[in-house]
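S.K.: show me the folded form of this:
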Amino acid sequence: MSQRRVFRRFILPSAWLLIGALVAVSLVKLAFTGSSSAAEDQLYPTGEVPAETIMVETGTVENTLSISGSIKLDAAQPLNAPLDGVVNWAFVKPGDHVSKGDRIFQIRAETQPEAAETTESDQESSAGEEPVQAAEPVVTYHDVYAPATGKVGKFAIELDDEVTKGADLAKVQPQNFKAVGAISPLDRYRLMDGTLEATITIEGGPEPFTCKDLSVGDTASATVDADSPEQELDPGMGSISAEGQGSSASGSEISCDVPADTVVFDGLSMAMDIEAGTAEEVLTVPVTAVRGLVGSGTVWLLDENGKEIRTEVQLGVTDGKVVEVASGLEAGAEVLRYVPGSAPEPAEGPGMEMYP
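M.R.: Sure thing, here's the model as predicted:
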């Protein structure tokens, strides 16, 4: 018998029989024992996400705030009548420049003297006598002074007009300018070292100049469109938020005085850069890793066993993204990137990173 015939008649059928037996045994085992247990499955999901950590690093922190805004004229100062009377004289004309305290108007006032009280005996004694003539009114003159240095606006009255106390006579428009922007409430913490000046840049305008007497409003409730530089800014109103956040945002008004020898115009767009401190070669962590960013705070170290250890630290300069750790940590330490219980949700735009 040839080898080919032996293979076809005996070996090949035996192989198929063996394969069929193995399949049958596997089906029986699957039917009675089921698949492998979850504990034996290496890919079985546990539902646990390991905490994200970051190493404490050495670096430089530059606390520089960049704020957009516009140039604004100081608000016009009203001239109001100090009493009832007649506008008797104007010492200036509209458009004249005046200094604070200069005379602008004169008001003529007349007051009637009070009649003397008469007793019953006086009335009897004066019976039959000629009646006494009424006393002449008392005339006084009162000057109205400029409340500020600036240009006199259009008169709201004309000479010889009668006016009442508090009536609007005119306005004096100061020729002083301010650079006005908006700062987010959180970024106000970055200016607590008493910074009193900023660098102002006007594209297409004069060389960048120093703007002094930096001040921040006390309220942060209004919203201003940054694309409308002519829109009026009330105290506490902001045009756009710090660090270029969005075209409109809530924020406190921040302003400084433009030097008198710098040529600017009302409504010009500008950029305000505030240098509020620099720390070189210091330990840093992200602001999201710290609870509390002023003076002292808390971070969570991760030890070799993966245990979270609450650690108090002293803080220094921050740029809104990282913060200087003055004491409490060592370089290379592993800390949680996000405060426990917070979600890794950075703020929109390049401003200060936020978390709940």
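
S.K.: from here on, just use CA atoms for contacts and neighbour counts.
M.R.: Noted.

S.K.: list the residues that contact the closest residue to residue 278 other than its chain neighbours.
M.R.: Distance criterion C-alpha to C-alpha, 6 or more residues apart in numbering; nearest residue to residue 278, sequence neighbours excluded, is residue 62 at 4.5 Å. Contact partners of residue 62, counting by C-alpha atoms under 8 Å, 6 or more residues apart in numbering, are 277-279, 317-319.

S.K.: model confidence score at residue 62, please.
M.R.: Looking at residue 62, its pLDDT stands at 89.

S.K.: same question for residue 27.
M.R.: Residue 27 is assigned 81 on the pLDDT scale.

S.K.: quick one: it and residue 21, what's the gap?
M.R.: 10 Å (C-alpha to C-alpha, to the nearest Å).

S.K.: repeat that for residue 181.
M.R.: Where residue 21 is concerned, residue 181 sits at a distance of 84 Å (C-alpha to C-alpha).

S.K.: of those two, which one has the most company?
M.R.: Neighbours per residue, other C-alpha atoms under 10 Å: of residue 181 and residue 21, the larger number sits with residue 181, 30 against 12.

S.K.: identify the bridge partners of the closest residue to the more buried one other than its chain neighbours.
M.R.: Excluding the flanking residues, the one nearest residue 181 by C-alpha to C-alpha, 6+ apart is residue 69, at 4.1 Å. Counting by DSSP bridges, residue 69 forms beta bridges with residue 181, residue 270.

S.K.: does residue 141 have beta-bridge partners, and which?
M.R.: residue 108.

S.K.: that one: neighbour count?
M.R.: 13.

S.K.: where does it land on pLDDT?
M.R.: As predicted, residue 141 sits at a pLDDT of 93.

S.K.: same deal with residue 93?
M.R.: For residue 93, the pLDDT comes out at 93.

S.K.: residue contacts, it?
M.R.: Taking C-alpha under 8 Å, 6+ apart as the test, what residue 93 contacts is residue 152.

S.K.: 10 Å - rerun?
M.R.: Contacts for residue 93 were tallied using C-alpha atoms under 10 Å, 6 or more residues apart in numbering; they are 104-105, 151-155.

S.K.: closest to residue 272 out of the residues you listed?
M.R.: Distances from residue 272 to the contacts of residue 93, taken as C-alpha to C-alpha, are shortest for residue 151 (27.8 Å).

S.K.: now for the closest one, how many residues are close by?
M.R.: Neighbours around residue 151, by other C-alpha under 10 Å: 20.

S.K.: okay, now the unreliable bits of this structure?
M.R.: Under the criterion pLDDT under 70, the flagged ranges of the chain are 1-3, 6-7, 33-50, 115-134, 194, 218-251, 343-356.

S.K.: can you rerun that using 50?
M.R.: 38-39, 219-249, 347-350, 354-356 (pLDDT under 50).

S.K.: helix or strand for the residue nearest to residue 278, just tell me which one.
M.R.: Following DSSP states H and E, one finds residue 62 within strand 57-73.

S.K.: do the same with residue 54
M.R.: strand 53-55.

S.K.: now do that strand: everything it contacts.
M.R.: Strand 53-55 is contacted by residues 284-286, 289, 300-302, 330-338 when judged by C-alpha under 10 Å, 6+ apart.

S.K.: now with 8 Å?
M.R.: Identification of contacts with strand 53-55 by C-alpha under 8 Å, 6+ apart yields 285, 331-338.

S.K.: returning to that earlier point: do I have it right that the residue nearest to residue 181 meets residue 267?
M.R.: No: using C-alpha atoms under 8 Å, residue 69 is not in contact with residue 267, being 9.3 Å away.

S.K.: okay, those two: which has more neighbours?
M.R.: More crowded of residue 69 and residue 267, by other C-alpha under 10 Å: residue 69, with 28 against 17.

S.K.: distance of that one from residue 254?
M.R.: The gap separating residue 69 from residue 254 is 9 Å, by C-alpha to C-alpha.

S.K.: show me whatever sits in contact with both of the two.
M.R.: Counting by C-alpha under 8 Å, 6+ apart, the residues touching both residue 69 and residue 254 are 180-182.

S.K.: what would those look like in JSON lines with distance to residue 139?
M.R.: Formatted as JSON lines, the shared contacts of residue 69 and residue 254 follow (distance: C-alpha to C-alpha, whole Å):
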{"residue": "180", "distance to residue 139": "47"}
{"residue": "181", "distance to residue 139": "51"}
{"residue": "182", "distance to residue 139": "52"}
